[in-house]
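**Q** Fold the stuff below for me.
(one chain, ligands or ions: 2)
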Amino acid sequence: MENGHAKNRVAVIGSGNWGSVASRLIASNTAKLPSFHDEVRMWVFEEILPTGKKLSESINQANENCKYLPGIKLGANVIADPDLENAVKDANMLVFVTPHQFVEDICKKLAGKLRPGTEAISLIKGMEIAVEKFSEATIGYKKDKEVATRWAKLFTTPYFLVSVVEDIEGVELCGTLKNVVAIAAGLVDGLDMGNNTKAAIMRIGLREMRAFSKLLSPTVRDNTFFESCGVADLITTCLGGRNRRVAEAFARNGGKRSFDELEAEMLHGQKLQGVSTAKEVYEVLTYRGWQELFPLLSTVHEICIGQLPPTSIVEYSEHTPNLSIISGSNAYY
Ligand SMILES: NC(=O)C1=CN([C@@H]2O[C@H](COP(=O)(O)OP(=O)(O)OC[C@H]3O[C@@H](n4cnc5c(N)ncnc54)[C@H](O)[C@@H]3O)[C@@H](O)[C@H]2O)C=CC1
Ligand SMILES: O=C(CO)COP(=O)(O)O
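**A** Numbers count the residues shown, from 1 in each chain. Ligands and ions are numbered 1, 2, ... in the order given. Here you go, the predicted model:
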């Protein structure tokens with residue numbers, strides 16, 4: 001018996017690429033661990049496939065998400081459920097893993113529908129784990145290490161190492177901000193600027209991530225940026241992620257085709273997070289008067305909305321008066 005329940009029941013809210021991978025990973029553990037019910041309910045945002053079949057039915061029949069994670073069996077104990085309320089009604093552990101733009105609406109629908117004492121985690125990390133290549137992740141927690149450890153147990157496998165860090169805000173902000181830097185890295189790729197430029201962009205991006213996080217939330221720890229959720233996730237996403245790939249196409253098209261158009265064409269229903277995150281970050285920068293402190297984060301948004309050309313990603317330094325801060329000794333950098 002853990003956290004007051006006879007057995008923990010897990011529901012995964014989301015069934016995209018990472019949502020499907022997470023469900024598979026979790027289900028492989030719930031099937032083995034006596035403190036968990038075997039079944040993992042996976043809420044599916046219902047879609048009709050080109051065959052005319054419902055996505056949720058297709059997943060349950062094939063034990064595979066043919067749209068978002070084709071070719072990978074999820075495990076017989078993963079049950080796709082298009083009814084959000086039904087998917088969570090028996091669960092005491094919720095795993096949120098939808099694109100962030102949908103979370104508010106989902107939370108409104110869940111208000112008042114959860115069992116008392118229900119715990120939740122938000123997934124922020126991305127790697128090639130569906131095919132069981134070695135990777136790792138970080139769980140951020142506040143005070144209660146026992147809760148964090150229970151979540152870590154749910155995710156850890158021999159090929160997926162999970163560490164816990166007492167810094168929720170730092171872990172969250174790492175996962176959020178690296179998607180903006182990934183857009184910058186993709187632009188550099190699309191401009192054929194080469195590895196040195198890309199490495200410089202990643203380095204400046206990491207410094208801006210850390211500085212922005214610490215300004216926003218002074219409890220954020222430096223060490224968090226050296227965990228898997230920090231530098232490792234930044235590297236993987238800048239080398240191979242969806243944000244990087246679509247940004248590369250955006251730059252190759254000279255900014256003439258919008259991110260929305262390229263996302264729809266290239267990702268087939270998967271969602272970019274970096275473009276909307278850049279906008280949200282920009283709003284904070286503008287509101288707080290921090291724009292000049294964060295030239296990279298600001299420039300990414302201005303490029304995404306067509307205010308600046310893609311080439312500005314390597315030019316902002318020339319007309320940004322505060323850039324010296326980045327290489328200087330500013331307390332935040
Ligand atoms: N794919 C990856 O490697 C990783 C992704 N993440 C994060 O996890 C979150 C989810 O990403 P993925 O699972 O990759 O999703 P995805 O981008 O592969 O798929 C999009 C998902 O959104 C759903 N959707 C579309 N419209 C919706 C609506 N109106 N309401 C609710 N859902 C809707 C789709 O049905 C689909 O499940 C994102 O924030 C992403 O950044 C985190 C780590 C790794
Ligand atoms: O980690 C990820 C999202 O947070 C995956 O990155 P991409 O969406 O760029 O593939």
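**Q** got a list of what the closest residue in space to residue 271 that isn't next to it in sequence touches?
**A** Nearest non-adjacent residue to residue 271, counting by CB to CB, 6 or more residues apart in numbering: residue 99, 3.9 Å away. (C-beta placed from N, C-alpha, C; glycine too.) Residue 99 makes contacts with 16, 271, 273, as judged by CB atoms under 8 Å, 6 or more residues apart in numbering.
**Q** Report the separation between residue 99 and residue 234.
**A** Counting by CB to CB, to the nearest Å, the separation of residue 99 from residue 234 is 19 Å.
**Q** ditto for residue 260
**A** Applying CB to CB to residue 260 and residue 234 gives a distance of 25 Å.
**Q** between the two, who's got more neighbours?
**A** Using other CB atoms under 10 Å, the more surrounded residue of residue 260 and residue 234 is residue 234, with 24 against 10.
**Q** in this structure, which segments are predicted with low confidence?
**A** Low-confidence segments of the chain, defined by pLDDT under 70: 1-5, 124-128, 130-132, 316-333.
**Q** Touching, residue 33 and residue 155? I think so.
**A** No - counting by CB atoms under 8 Å, residue 33 sits too far from residue 155 to count as a contact (11.4 Å).
**Q** Alongside ligand 2, which residues does this structure contribute?
**A** 125-126, 175, 179, 182, 237, 241-243, 273 (CB under 6 Å from any ligand atom).
**Q** I'd like the residues you listed as a markdown table, with secondary structure appended.
**A** As requested, these are exported to a markdown table (DSSP: H, G, I helix; E, B strand; the rest coil):
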| residue | secondary structure |
| --- | --- |
| 125 | coil |
| 126 | coil |
| 175 | helix |
| 179 | helix |
| 182 | helix |
| 237 | helix |
| 241 | coil |
| 242 | helix |
| 243 | helix |
| 273 | coil |
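**Q** List just the nearest of the residues you listed to ligand 1.
**A** The closest of those to ligand 1 turns out to be residue 126 (CB to the nearest ligand atom; 2.4 Å).
**Q** ranges for the helices of the stretch 201-333 of the chain?
**A** Applying DSSP state H, counting those that start in this stretch to the stretch 201-333 of the chain gives helices spanning 233-240, 242-252, 259-267, 274-288, 295-304, 324-327.
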